[in-house]
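Undergrad: Structure of the sequence below:
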Amino acid sequence: MEWHEDLAGTFGVDPLGPQEVTDLLEAARDVAHGVERKVTPLATFLVGMAVERRIAQGASRSEALSGALAEVRGSIPA
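TA: Numbering: from 1, shown residues only. The predicted structure is shown next:
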């Protein structure tokens, strides 16, 4: 088991699927290189908050994550 799967269990949430891991790491890379490396953890925290808000509004986890990541990518300066 990978560390992030153990952490999900600690928090009592479903572990990340392989595609979610890939998508989140790619977005984190985009933020680190397109904005600033030190804000990457802040961006990922905000993505998590946005995903939870979207789920509370009725979106599936997959829809919520893809929507939040699209907004992150759209906010990165060209």
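
Undergrad: contacts, neighbours, all on C-alpha from now
TA: Noted.

Undergrad: Can you tell me what sits against stretch 50-65?
TA: The contact list for stretch 50-65 (CA atoms under 8 Å, 6 or more residues apart in numbering) reads Glu20, Val47, Ala68.

Undergrad: top of the residues you listed by neighbour count?
TA: Val47 (21 neighbours; other CA atoms under 10 Å).

Undergrad: List the contacts of that one.
TA: Val47 neighbours (CA under 8 Å, 6+ apart): Leu65, Ala68, Leu69, Val72.

Undergrad: Give me the subset of the residues you listed lying in helices.
TA: Leu65, Ala68, Leu69, Val72 (DSSP state H).

Undergrad: between the contacts of Val47, which is nearest Asp6?
TA: Nearest to Asp6 among those, counting by CA to CA, is Leu65 at 20.4 Å.

Undergrad: before we move on, back to that, pull out the buried members of the ones in helices among the contacts of Val47.
TA: Of all the ones in helices among the contacts of Val47 considered here, the ones buried according to neighbour count by 16 or more other CA atoms under 10 Å are Leu65, Ala68, Leu69, Val72.

Undergrad: can you put the residues you listed in TSV and add pLDDT?
TA: TSV is the format used below for these (pLDDT from 0 to 100):
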residue	pLDDT
Leu65	98
Ala68	98
Leu69	97
Val72	97
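
Undergrad: Fine by me, we can end here.
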